[in-house]
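K.L.:
I need the structure of the sequence given here:
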Amino acid sequence: MTCLFLTRSPCVIKKTVLALTMALAAIAPMAGPSSAADSPVREIIGQGTNICPQESLCLYQDTGYNREKPARIWIVTGDVERLSTYDANDRTSSVWFNAPQGWTARLYKDANYEGGFRGYFYSESPWGNNYTHFSSPMPDGWNDEVSSVELLK
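P.N.:
Numbers count the residues shown, from 1 in each chain. The predicted structure follows:
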């Protein structure tokens, strides 16, 4: 079949469809789901507070910052309405908040920042030793009870 340069010829339509298909295929990877880097929660296996990155709240599966054995750590860098999204709901047994001055972390007992909350924050002592607030084991009534997290920066 010889292609004629008519606007309604089968060749022009096929070429147009092919060009559109190729253009869509080229941009499709850019329209995919967000990457793990965009997520406010990243899960690792480990132990100890030195594994908690700066500007993060680390939720440890076991007491003593997973001292007995490597276990799950959820590294939180933003607000999380539902820890259940990350299989972290009601699993926190110790917390380390590695944050700069002025940051506050609120841990809530219920999803969507509801129920009671417990706050952790950066402090500067008058003696010059700066520290972050942490908890291991969790305070009474808080072990395996955290369902949402809010980071106030």
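
K.L.:
For S136, which non-adjacent residue is spatially closest?
P.N.:
Excluding the flanking residues, the one nearest S136 by Cβ to Cβ, 6 or more residues apart in numbering is S94, at 3.5 Å. In this view, the C-beta of every residue, glycine as well, is placed from N, C-alpha and C.

K.L.:
What are the boundaries of the strands in the chain?
P.N.:
Ranges of strands within the chain are 41-46, 56-60, 71-76, 94-98, 104-110, 114-124, 130-132, 134-135, 148-152, based on DSSP state E.

K.L.:
Nearest to A88, out of the ones you listed?
P.N.:
A88 sits nearest to strand 71-76 of all the strands of the chain, at 4.5 Å, using Cβ to Cβ.

K.L.:
Adjacent strands (with direction) for the closest one?
P.N.:
Paired neighbours of strand 71-76 in the sheet (DSSP bridges): strand 41-46 (antiparallel), strand 56-60 (antiparallel).

K.L.:
so of the ones you listed, which one's packed in deepest?
P.N.:
Among the strands paired with strand 71-76, ranked by average contacts under mean count of other Cβ atoms under 10 Å, first place goes to strand 56-60 (a mean of 26).

K.L.:
was I right about E43 contacting T85?
P.N.:
No. Counting by Cβ atoms under 8 Å, E43 does not reach T85; the two are 11.4 Å apart.

K.L.:
returning to that earlier point: now do the contacts for the residue nearest to S136.
P.N.:
Contacts for S94 (Cβ atoms under 8 Å, 6 or more residues apart in numbering) come out as 60, 62-66, 134-138.
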